[in-house]
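A.B. asks: Pasted the sequence and its predicted model underneath.
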Amino acid sequence: MTGGPEPISAVAREALERELDDLRTEREAVAVTLKDGGGDQTGDRADQADELERATELDRLDRRMDDIRGRLREADAAGAPPTDAVGVGSTVTVRFEDGTETTVQIGEVAAVLDRTMVTADSPLGGALLGRRAGDTVRYVTPEGPASAVVLSLGDRA
């Protein structure tokens, strides 16, 4: 990662936007329970603790929503993912030593997407950064040294 604005793929953008929508829905549901004490006016300490917990949850949701909005703004500033060399946001097709081929996306956070996401700070992701089609990358896995050949960059039908 460059330290500057990093692009993201269309799939990653879609996943972040979907997460943002889900968080908005969750936030609305929690916020409703805080209005007028959630409809329970008994006012004992348990009610106060529950209200504090809901307020804390709202803060957590707001922080995550702000993080996502910031990441989307950063991606807008960065522009499209690179197509000539592998970078964050790139879609890359690689062939491993055993002959299998797979298409992965280089991203920041694997949990946002699916198992085809490779984070830029993972062994394979780090080895792929800056590479071009035809390059061979070497990296270390928990099972030992490995290598792969970059077949192509960009979506593959």
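C.D. replies: Everything's here; your move.
A.B. asks: Could you point out the longest strand of the protein?
C.D. replies: strand 144-153 (DSSP state E).
A.B. asks: Could you export that strand as CSV, CA atoms only?
C.D. replies: What follows is strand 144-153 as a C-alpha-only set of coordinates in CSV (Å, rounded to 0.1, in the frame of the first residue of the first chain):
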residue,chain,number,x,y,z
GLY,A,144,6.8,-23.3,2.9
PRO,A,145,8.0,-21.5,-0.2
ALA,A,146,5.6,-21.1,-3.1
SER,A,147,5.5,-19.5,-6.5
ALA,A,148,2.9,-18.4,-9.0
VAL,A,149,2.9,-16.9,-12.5
VAL,A,150,0.8,-13.7,-13.2
LEU,A,151,-1.3,-14.7,-16.2
SER,A,152,-3.4,-11.5,-16.5
LEU,A,153,-4.7,-8.4,-14.8
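A.B. asks: What pairs with it, parallel or antiparallel?
C.D. replies: strand 91-96 (antiparallel), strand 136-141 (antiparallel) (DSSP bridges).
A.B. asks: Could you look up the next helix or strand downstream of the helix or strand of the chain with the lowest mean pLDDT?
C.D. replies: The helix or strand of the chain with the poorest confidence is strand 117-119; it has a mean of 81 (mean pLDDT, DSSP states H and E). Using DSSP states H and E, the helix or strand that follows strand 117-119 towards the C-terminus is helix 123-128.
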